[in-house]
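Trainee: no letters, just coordinates:
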Ligand SMILES: [Ca+2]
Ligand SMILES: [Ca+2]
């Protein structure tokens, strides 16, 4: 009857474990409420208009992506991210990591594991940071087995939030900032900024770096990459030295009104909840649109459908022009391909390729940030505008160049209205890729799992 | 001590006047608080980054405008609007209305007066609506003398808000809406929507029409004009059949978050103020940035500089791409001019000119709405993006066309970095225009004033 | 009437158990009345509202607002037009809150109900009518009063008095005078085992 005692926090730890314990279920014995909700990130039943926990094959939803990424692993398979629960499954199953077996290596480096598991800080502790990144992705296949979890964000001693990924600390260092001196509210975003950020692999040894030295805007990062003449890959059709943008959610979020008003990621993606009078942080990290009552409505009095409509309206308006830019980029790549075909010279193409690089970079910055269109719609829209301008500028130059080679008309738009057609168009042998992957999943993954199980049996845990 | 009694005794109507009394000072005797603040719209001391009550010569601030409007009166003179107090002064003094004297007529129609004075509904009552619009601007020069005022927005009987401009009522009618059935909160915007909207002059008799039949978005209105093959003028350089957009503040505002949350224009431009224990409506209609405390801060707790920075950030981001689009449009006009020069045929130019028309329409829709970049930044940004795409599309076509006429390189950008250079470039004889206007102001305006004075003496006013 | 009472009196052989039951019910009622400090709800003391900690965020924000000096919760949240609706509303609301609280069905983010909105709005007007309505214009214009009073005051005065952030956990560390437990110490000691 009396619920006054609820105000007092009841905590009786059940187990004691080490600082780098990677298994969520072990931490979960001490913090069942957080653990149970966290395991709910396995839920794939919610799909919003563009996001949600469901599996979405982005290449099927939008086959133009295949052409934009021709020559790069993303053209093989790319999905909209889902719950943290799937981080390991997804990186194992994705075609991008290939089928490393029978002496073959994965086309990806070990660095790819960095944002997928609390085994990462554990192994980094053991072998060192630079050493961890080295080698191909399969090198550490048996080491990395637990999906993203408690040890990624929490100090085992006191449950304080902590940063476990060196790339973030180093990026702060290079900007002359001390990440140990930030506020608690900042930490509620910075734990996410370990992963939900644009990154690249520096040098031969694929050291993970966040490209923030010149600032956080799309232009700042572009300038950073240009000053290194860095490229992620060379485009298969246009031969452009390309940049790939990856989920700059933290960077874009910071340019929006919610960040300016002091919100952190956790305010919307990990709202507080009450259960039996206990307040705690909802660890089912997901789209806030699946939980408007506890997120938006804390600050906004509008009805749920209205708030959801606000989000969709922003996403729709940005998508309209992003789609346009996508089409223009396909055209630019194809037109550049035509120019090469007609014998265009390196020096004639240089300015054009630089434009294509910059335009696609801007497109990708927005496309890769799945929350961006809501987090900071005005900035996203601004960036898309500049991308359209630059893409079209490259096409004006191409029109002149093509004309000078005697081709003075529109270059036909390729027939790429399904993922299959598009992948065929850029010359991918999907059957082989899929068959190899299937074999890899059947034969190699179970071995990795078994090794991991054996290893984990040796971890010291004390029952209290 | 008790100041409540002030309220009761404050009001003793001093005068009785007719429904169409145009003189603010007459109404002002009954409502001194509102009148005194309204007269403050004479204040020109405040300039914000892009707006405010100060006089700003837009052609000097941005000479590209001159080229965009080549062949149209706006290229002669255009200022950023200022307080309602100046409505009559400004339309009399602007070069756009010309120097109608010595048998010459103004290049503008009477319709131009519509949004400048409470003499307008007065005269319309007398002569009829269609009749009012007919004839050149000077026809009614002596009739229209009081700047925008009480009778434009209020019913003299009971001070209710009322709509006095037929164009708004007719536009509502055509959409099947009854403007007499709107809420009071809607009226607090609709009185502004009598003037702060996009309009055009229909037919020979220049009937004032708001082009909302297909909707309020930039695309809807474009479709409306295209379906009529309406044009405001033909561009002097590119020969494009152009559209001019005028201050679609109401339309754009309605697409923004503040409108979606139920705000009206009066909430920010006519906030309540408190004097002598009475809350009344501040009639100093102006930029809210000159009065953040009573506008924004009633709803937002942030510091004044921060709120102003929010506004500027939105304006800057939209301006960045609007400026870009402006440059592209100058280029497109000049390139089209070059094509004509080289002998391009009507049929070859058609699609190109349609693109230029649409692109500049989108640019102008945003440029002409002085509040738009804050009222609805996401929509403004969306529109600019589509404008950039279309402008560049026209330039791709032009590149191909020019190449086919043997001109396969960049067309030089004109030297137009001052208003003077730009006006010279499009062939305006500014000296003559200015001299004529000066004479007109010295000789004709005083006559108009005198006639008005005589007339007003005859109006029935009863002192109580 | 007598007939009615007669029908309510149980047959003889039931009398004793019914008496016992009634005693138990009555005792439980007194107990819960006491333990939930229901008596306090008859008063206007804001501290009674935080009898149950659910109301702490609203208490804390009110307590930091300019209205603290002049306005108790009930000044805003209970009708003041007459004695009967005052207590009827209070009882109705109070019972619903208590039920939801006891069932642990309270949402994380509590929203004011439509009925409550009207009550609060009327109370804003009750205190501030001199400021918001112009006597002169009321003479002049029959619509003036409704025009001024139909829009919710806190559409503009968003932060009055509870601020904007609304959640059971929005004031986690607020220092509020949580009432002392009405359960005697000895009973707690006995039941704690
Ligand atoms: Ca997702
Ligand atoms: Ca102005």
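Mentor: Ah, there it is. Please read all numbers here as calculations on a predicted model, not as lab measurements. Ligands and ions are numbered 1, 2, ... in the order given.

Trainee: ok, and the closest non-adjacent residue to the one residue in chain C that gets nearest to ligand 1?
Mentor: Using Cβ to the ion, residue C:108 is the residue of chain C that sits closest to ligand 1, at 23.3 Å. (C-beta placed from N, C-alpha, C; glycine too.) Residue nearest to residue C:108 in three dimensions, not counting chain neighbours: residue A:294, with 4.8 Å by Cβ to Cβ, 6 or more residues apart in numbering or on different chains.

Trainee: tell me the contacts of that neighbour?
Mentor: With contact set as Cβ atoms under 8 Å, 6 or more residues apart in numbering or on different chains, residue A:294 has these partners: A:271, A:272, A:273, A:282, C:108, C:109, C:167.

Trainee: kindly report the same for residue A:371.
Mentor: Neighbouring residues of residue A:371 by Cβ under 8 Å, 6+ apart: A:51, A:249, A:252, A:253.

Trainee: what pLDDT does the model give the third one?
Mentor: By that I understand residue A:252. Looking at residue A:252, its pLDDT is 98.

Trainee: ok, which stretches of the stretch 101-250 of chain A are strands?
Mentor: With DSSP state E, counting those that start in this stretch as the criterion, the stretch 101-250 of chain A has strands at A:200-202, A:207-209, A:233-234, A:241-242.

Trainee: just put those in CSV and tack on distance to chain C, mean pLDDT and mean neighbour count.
Mentor: Output for these, formatted as CSV (distance: least, Cβ to the nearest Cβ, whole Å; pLDDT from 0 to 100; neighbours: other Cβ atoms under 10 Å in any protein chain shown):
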stretch, distance to chain C, mean pLDDT, mean neighbour count
strand A:200-202, 38, 96, 19
strand A:207-209, 36, 97, 21
strand A:233-234, 46, 98, 15
strand A:241-242, 44, 98, 20
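
Trainee: skipping adjacent residues, who's closest to whichever residue of the stretch 51-200 of chain A sits closest to chain C in space?
Mentor: Here the stretch 51-200 of chain A gets closest to chain C at one residue, residue A:184, 12.0 Å apart by Cβ to the nearest Cβ. Counting by Cβ to Cβ, 6+ apart, residue A:184 lies nearest to residue A:161, which is 7.6 Å off, once chain neighbours are set aside.

Trainee: so that neighbour makes contact with residue A:189?
Mentor: No. Judged on Cβ atoms under 8 Å, residue A:161 makes no contact with residue A:189 at a distance of 10.1 Å.

Trainee: tell me which of those two has more neighbours.
Mentor: A side-by-side neighbour count of residue A:161 and residue A:189, using other Cβ atoms under 10 Å in any protein chain shown, places residue A:189 first with 20 against 14.

Trainee: pLDDT score assigned to the more buried one?
Mentor: 97.

Trainee: how near is it to residue A:168?
Mentor: 11 Å (Cβ to Cβ, to the nearest Å).

Trainee: same question, residue C:46
Mentor: To residue A:168, residue C:46 is 46 Å away according to Cβ to Cβ.

Trainee: likewise residue A:227?
Mentor: 22 Å.

Trainee: OK, contacts around residue A:22?
Mentor: Neighbour list for residue A:22: A:117, A:118, A:119, A:122, A:145, A:146, A:149, A:151, A:456 [criterion: Cβ under 8 Å, 6+ apart].

Trainee: now those residues in JSON lines, with distance to residue B:14?
Mentor: Below are the contacts of residue A:22 laid out as JSON lines (distance: Cβ to Cβ, whole Å):
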{"residue": "A:117", "distance to residue B:14": "81"}
{"residue": "A:118", "distance to residue B:14": "80"}
{"residue": "A:119", "distance to residue B:14": "85"}
{"residue": "A:122", "distance to residue B:14": "85"}
{"residue": "A:145", "distance to residue B:14": "87"}
{"residue": "A:146", "distance to residue B:14": "83"}
{"residue": "A:149", "distance to residue B:14": "78"}
{"residue": "A:151", "distance to residue B:14": "79"}
{"residue": "A:456", "distance to residue B:14": "91"}
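
Trainee: right, and residue A:182 touches residue A:190 too?
Mentor: Yes. Counting by Cβ under 8 Å, residue A:182 touches residue A:190, with 6.4 Å between them.

Trainee: which of those two has more neighbours?
Mentor: Legend: neighbour count by other Cβ under 10 Å for residue A:182 and residue A:190, higher for residue A:190 (21 against 14).

Trainee: so that one makes contact with residue A:171?
Mentor: No. Here residue A:190 does not reach residue A:171: they are 10.9 Å apart, not a contact under Cβ under 8 Å.

Trainee: pLDDT weak spots in the chain?
Mentor: In the absence of a named chain, this looks at chain A. Applying pLDDT under 70 to chain A flags residues A:1-11.

Trainee: oops, chain C please
Mentor: Counting by pLDDT under 70, chain C shows low-confidence ranges at C:1-10, C:24-43, C:178-193.

Trainee: try it again at 80.
Mentor: For chain C, applying pLDDT under 80 flags the ranges C:1-44, C:51-53, C:82-92, C:100, C:102-105, C:134-142, C:172-193.

Trainee: any idea which residue of chain C lies closest to ligand 2?
Mentor: For chain C, Cβ to the ion, closest residue to ligand 2: residue C:156, 24.7 Å.

Trainee: so that residue is in contact with residue B:299, correct?
Mentor: Yes. Applying Cβ under 8 Å, one finds residue C:156 in contact with residue B:299, separated by 5.9 Å.

Trainee: for the two, work out which one has more neighbours and name it.
Mentor: Neighbour count, other Cβ under 10 Å: between residue C:156 and residue B:299, residue B:299 has more, with 18 against 15.

Trainee: residue contacts, that one?
Mentor: C:156, C:158.

Trainee: what about the residue nearest to residue A:81 when sequence neighbours are not counted, distance to residue A:253?
Mentor: Excluding the flanking residues, the one nearest residue A:81 by Cβ to Cβ, 6+ apart is residue A:370, at 6.7 Å. Relative to residue A:253, residue A:370 is positioned 11 Å away (Cβ to Cβ).

Trainee: please enumerate the helices of the stretch 51-200 of chain A.
Mentor: Assigned by DSSP state H, counting those that start in this stretch, the stretch 51-200 of chain A shows helices spanning A:58-61, A:64-68, A:87-93, A:119-127, A:129-133, A:150-153, A:166-174, A:184-193.

Trainee: tell me what the longest one is packed against?
Mentor: Translated: helix A:184-193. If contacts are counted by 3 or more Cβ pairs under 8 Å, 6 or more residues apart in numbering or on different chains; DSSP states H and E, helix A:184-193 sits against helix A:249-253, helix A:265-269.

Trainee: from the ones you listed, which stretch is densest packed?
Mentor: Highest mean neighbour count of the helices and strands packed on helix A:184-193: helix A:249-253, a mean of 26 (counted as mean count of other Cβ atoms under 10 Å in any protein chain shown).

Trainee: this completes my enquiry, with thanks.
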